[in-house]
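[1] Whatever this is, show me its structure:
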Amino acid sequence: MPDATDSQKILLETLHGRKTSQTPVWLMRQAGRYLPEYRELRAQKGGFLELCYDAKAAAEVTIQPIKRFDFDGAILFSDILIVPHGMGQKLWFEVGEGPRLSPRLVDAALSSLEAAPEHFEAIYNTVRQVAAQLDDKTTFMGFAGSPWTIATYMIHGQGSKDQAVTRRYAYKDEAAFSELINAIIENTVTYLLGQIDAGVDAIQLFDSWAGTLSPAQFEKWVIAPNAEIIARIKAVHPDLPVIGFPKGAGAKLVAYAQETGADAIGLDETVDPVWAHKNLPADLPLQGNLDPLALIAGGDALEKSARHILQVFEDRPHIFNLGHGILPDTPIEHVEKLLTLVRQ
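    Okay, here's the model as predicted:
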């Protein structure tokens with residue numbers, strides 16, 4: 001295993017497959033509702049989407065957890081649904097219920113959408129502002145939703161527990177669904193290349209709803225589209241790391257790791273670290289995978305879980321993270337305790 005170079009960005013070094021003397025750490029959704037400074041700014045700016053498109057405010061939110069906790073990575077404050085918004089669907093957030101998209105593509109044709117590239121440009125502006133403010137030891141990560149997950153929102157017009165509307169649509173009209181997936185791939189590549197040009201050091205692909213698919217459908221709608229996105233990113237930026245995070249993939253992580261070309265794999269909290277260490281390539285950087293509820297619980301539950309993960313992955317490139325996003329009722333002192341555990 002190669003040693004780390006003299007770079008101060010230990011998270012970036014780990015993504016390149018180098019074992020660093022200290023385990024880098026960041027938390028998914030680390031810029032968000034558990035922070036009082038975020039809630040204060042959100043109250044000033046109004047709605048969530050308005051905050052995402054206010055570049056100065058979004059940059060401030062991105063940097064808030066770095067100032068408070070000195071995480072090794074900053075994750076762009078934005079939303080995975082910027083891509084369908086940029087493709088021409090109307091996007092808004094219902095209080096207490098989550099995102100809504102219109103028209104629902106279960107009822108309307110993809111060709112009815114009119115592209116709105118200004119939404120991508122607003123995010124690029126945020127990236128430039130964050131990149132100008134971060135220090136030389138913090139890795140800056142951009143992101144996008146993966147095509148399957150984005151398609152579930154575009155088809156149904158909102159989130160769901162089992163993605164049944166989209167799964168039925170994909171079976172019923174595979175040609176139309178393939179056309180949608182290809183359109184999402186095109187827009188996602190454009191969007192990510194724009195983030196890279198604006199200043200991110202790495203990117204993460206979130207496939208939040210990958211766990212509901214059969215193996216054959218997973219191969220077709222998760223592995224193949226992510227592989228194409230990664231290949232096209234690498235054709236332009238061969239050395240820029242890509243983290244793949246197919247939540248709920250379970251044993252299908254092996255095929256995902258072998259076939260997508262991702263430089264690192266994010267593990268959700270349901271994955272046994274021992275299994276992952278045994279079954280995924282020994283030199284493949286892994287990210288994760290503390291249960292967000294263990295972080296809320298604190299005490300022995302937090303300490304035992306965190307120490308177990310660190311012990312299992314001590315001999316491979318590993319980025320400590322949660323198995324999914326940090327929850328709004330997470331106590332600040334528990335995050336501080338976690339950082340002490342990881343950095344001891």
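[2] pLDDT (mean, whole number) over the helix or strand hosting residue 175?
    In the assignment (DSSP states H and E), residue 175 maps to helix 174-198. For helix 174-198, the mean per-residue pLDDT is 98.
[3] which residues in the stretch 151-300 of the chain form helices?
    164-172, 174-198, 215-218, 224-236, 253-259, 273-279, 292-297, 299-312 (DSSP state H, counting those that start in this stretch).
[4] Which other helices and strands does the first one contact?
    When contacts are defined as 3 or more CB pairs under 8 Å, 6 or more residues apart in numbering; DSSP states H and E, helix 164-172 sits against helix 147-156, helix 174-198. To be clear about C-beta, it is placed using only N, CA and C from the backbone, and glycine gets the same treatment.
[5] residues in contact with that helix?
    The contact list for helix 164-172, computed with CB atoms under 8 Å, 6 or more residues apart in numbering, reads 106, 151-152, 155-156, 176-177, 212-213, 217, 221.
[6] how about the residues you listed in a markdown table, adding neighbour count and distance to residue 314?
    What follows is the contacts of helix 164-172, written out as a markdown table (neighbours: other CB atoms under 10 Å; distance: CB to CB, whole Å):
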| residue | neighbour count | distance to residue 314 |
| --- | --- | --- |
| 106 | 14 | 47 |
| 151 | 25 | 38 |
| 152 | 26 | 37 |
| 155 | 23 | 43 |
| 156 | 18 | 42 |
| 176 | 15 | 48 |
| 177 | 22 | 43 |
| 212 | 17 | 33 |
| 213 | 22 | 33 |
| 217 | 15 | 36 |
| 221 | 25 | 35 |
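[7] for those, which one is nearest residue 307?
    residue 212 (32.1 Å; CB to CB).
[8] For that closest one, which non-adjacent residue is closest in space?
    The shortest distance from residue 212 to any non-neighbouring residue, by CB to CB, 6 or more residues apart in numbering, is to residue 163 (5.0 Å).
[9] Also residue 71?
    Closest to residue 71 by CB to CB, 6+ apart is residue 26, at 4.6 Å.
[10] for residue 249, same thing?
    Spatial nearest neighbour of residue 249, excluding adjacent residues (CB to CB, 6+ apart): residue 210 at 5.2 Å.
[11] ok, now residue 184?
    residue 147 (4.2 Å).
[12] and if you look at residue 221?
    In space, residue 221 is closest to residue 148, 4.4 Å off (CB to CB, 6+ apart).
[13] ok, now residue 143?
    residue 204 (4.4 Å).
[14] wait, what's in contact with that neighbour?
    Contacts for residue 204 were tallied using CB under 8 Å, 6+ apart; they are 75, 141-143, 242-245, 266.
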